[in-house]
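1. mind looking at a prediction? Sequence and model below.
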Amino acid sequence: FLPDFTAGFAPTPHPLSTLVSSLGLPFGHGGDAVIVWIVLLSFGTLVWLTYRLGETLFSRWVGIAAAVVVLTRPVLDRDVLLAYQDVPFAALIVGAVLLEAKQRRRGVPVLALLTLAGLLRPEAWVLSGLYFLWMWPAVAPRERLKLGVLVALAPLIWTVVDWIVTGDPLHSLHGTAALAEEVDRRRRVDQVPYWGLKYFGFTLREPLVVGIPIGLAFAWRWRRSQAALPVAVAAAMTLVFAIGPIFGLPLIARYIRTPAVLLTLFFGLALFGWMWLDRGRERTAWMVAALVTLGVFVAFLPSSVSMLDGLRLRSEREGGFYRDLRAVGESPRVRSAFARCAPLSTSDHRPIPYIRWWLDGDPKSVGTVENGASRLGKLLLVPRRTKLANRFYQENFPTFAPPSTYRSLYRNRTWQVYAAPGCA
């Protein structure tokens, strides 16, 4: 039993994500709920770890402020609802930073978490390598060997899995670059400054864009040693994001999420850093800066609440979109035709993993005609021109029309399935 990494428009495989996803297999068509709950628990853990990191490095109030911000960022909440692996990845990274913050040069426990994170996203490989260099002068040669094994473990497992499944040990790199080109994602180095800043702003929103520089300035003035660790980790991860296009990798907003979470600590510092200072002119100045930060945050509260409510509405709307797709996969008529006439083609790549899952299809039993990724099968699934589908696809609505010999096999509010002669 092997996963299929080479299907048309297949996303980049991540070994730990693939392994954890297999936990949902015994639950059949309800397996997706298992993964959503795992990500929800990971998000709760991330919020708690953010609080603990803020408390450990600065104060309880800084931790509370940072945790509240992480909990209420609409973009992070959206990632949770979509069960993105970036959420547990961020939890593992923040957990590793917390361990190091509590005990300098902690060693194996920190690298163990970074190894797990490195099976979700390769940015953690860089952090592991940098941490190994940080540990080098403080440990004996035998300990260096142990730490070196941990550093190499994640990239080694990743390349071995790619090699076993596809025959190409660098499939993830090659596949990610090829997919980015195929779907025309941003992947030029000269786009990094603009889109990097835009992605940070998109994740953190306006109040934090104002507050974080104030917190960083306070840290530089009064808490430089404590701030060094989260700043260094955020900077290293941002640098990996920036150099990705050199290897053909895309600039995607989710790659900025974890450094953005670490920067929320400095929003808390902007609000509460003044509490450490003695009475006087400088304390007053930082209190004024804190009031400005708080004022901007309060001013944008209606906008934030509106965005969170919009997330709820979008979740309900897209939930209906995918419930209709599930109804296609569970339709006895469609399943009977699929058993006789597979493969099924989709007009675009988005429905592929879902409809194959709900049809209980084998690898390569579902493909897409988008950009000629695969030949048209005897069954064709297309979205209908309805309000729900139009809102989901917007300007990217697929326009592939079935051949004149195909006949309608099944239709619901959002989807329609056509069948070739002899398959209806």
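-> Here it is on my side, so go on. Numbering: from 1, shown residues only.

2. P398 contacts P351, doesn't it?
-> No. At 9.8 Å, P398 does not count as touching P351 under the criterion of CB atoms under 8 Å. Where C-beta positions appear, they are placed from N, C-alpha and C, glycine not excepted.

3. neighbour count winner among the two?
-> A count of neighbours by other CB atoms under 10 Å puts P351 above the other of P398 and P351, at 24 against 18.

4. list the contacts for the more buried one?
-> 325, 381 (CB atoms under 8 Å, 6 or more residues apart in numbering).

5. quick check: it vs R78, distance?
-> As defined by CB to CB, to the nearest Å, P351 lies at a distance of 20 Å from R78.

6. which elements pack onto the strand or helix carrying L46?
-> Counting by DSSP states H and E, the element that carries L46 is helix 31-57. When contacts are defined as 3 or more CB pairs under 8 Å, 6 or more residues apart in numbering; DSSP states H and E, helix 31-57 sits against helix 15-21, helix 60-72, helix 74-81, helix 86-102, helix 224-243, helix 257-272.

7. got the buried residues for that helix?
-> By neighbour count on 16 or more other CB atoms under 10 Å, the buried set for helix 31-57 is 31-32, 34-35, 38-39, 42-43, 45-57.

8. select, out of the helices and strands packed on helix 31-57, the one closest to V417.
-> helix 15-21 (26.4 Å; CB to CB).

9. chain center to that closest one, what's the gap?
-> For helix 15-21, the separation from the chain centroid amounts to 14 Å (computed by CA atoms, centre = their mean, to the nearest Å).

10. which residues touch it?
-> In contact with helix 15-21 (CB under 8 Å, 6+ apart) are residues 3, 35, 38, 85, 116, 119-120, 157-158, 161.

11. so where's this protein uncertain?
-> Within the chain, the stretches with pLDDT under 70 are 1-2.

12. could you point out which element follows the strand or helix carrying L381?
-> Element membership for L381, per DSSP H and E: strand 379-383. Sequence-wise, the next helix or strand downstream of strand 379-383 (DSSP H and E) is helix 387-393.

13. do you know how far W125 is from V231?
-> To V231, W125 is 20 Å away according to CB to CB.

14. before we move on, what about S347?
-> 47 Å.

15. could you do W48 as well?
-> 22 Å.

16. try R187
-> For R187 relative to V231 (CB to CB), the value is 27 Å.

17. equivalent analysis for L40, please.
-> 29 Å.

18. just M135 next, same as before
-> 19 Å.

19. same thing with A96?
-> Counting by CB to CB - A96 and V231 are separated by 15 Å.

20. ok, these two, which is more surrounded?
-> Applying other CB under 10 Å to A96 and V231 shows that A96 carries more neighbours, namely 26 against 19.

21. show me the contacts for the more buried one.
-> By CB under 8 Å, 6+ apart, the contact set of A96 is 110, 113-114, 117, 127.

22. one more time with 10 Å, if that's ok
-> By CB atoms under 10 Å, 6 or more residues apart in numbering, A96 lies in contact with 49, 106, 109-117, 124, 127-128, 131, 233.

23. widest-spaced pair of the residues you listed?
-> Pairwise distances among the contacts of A96 were taken by CB to CB; the largest, 18.6 Å, belongs to L49 and S128.

24. so G422 touches L409, yeah?
-> No. Using CB atoms under 10 Å, G422 makes no contact with L409, being 11.7 Å away.

25. what sits in contact with each of the two?
-> Common neighbours of G422 and L409, using CB under 10 Å, 6+ apart, are 337, 341.
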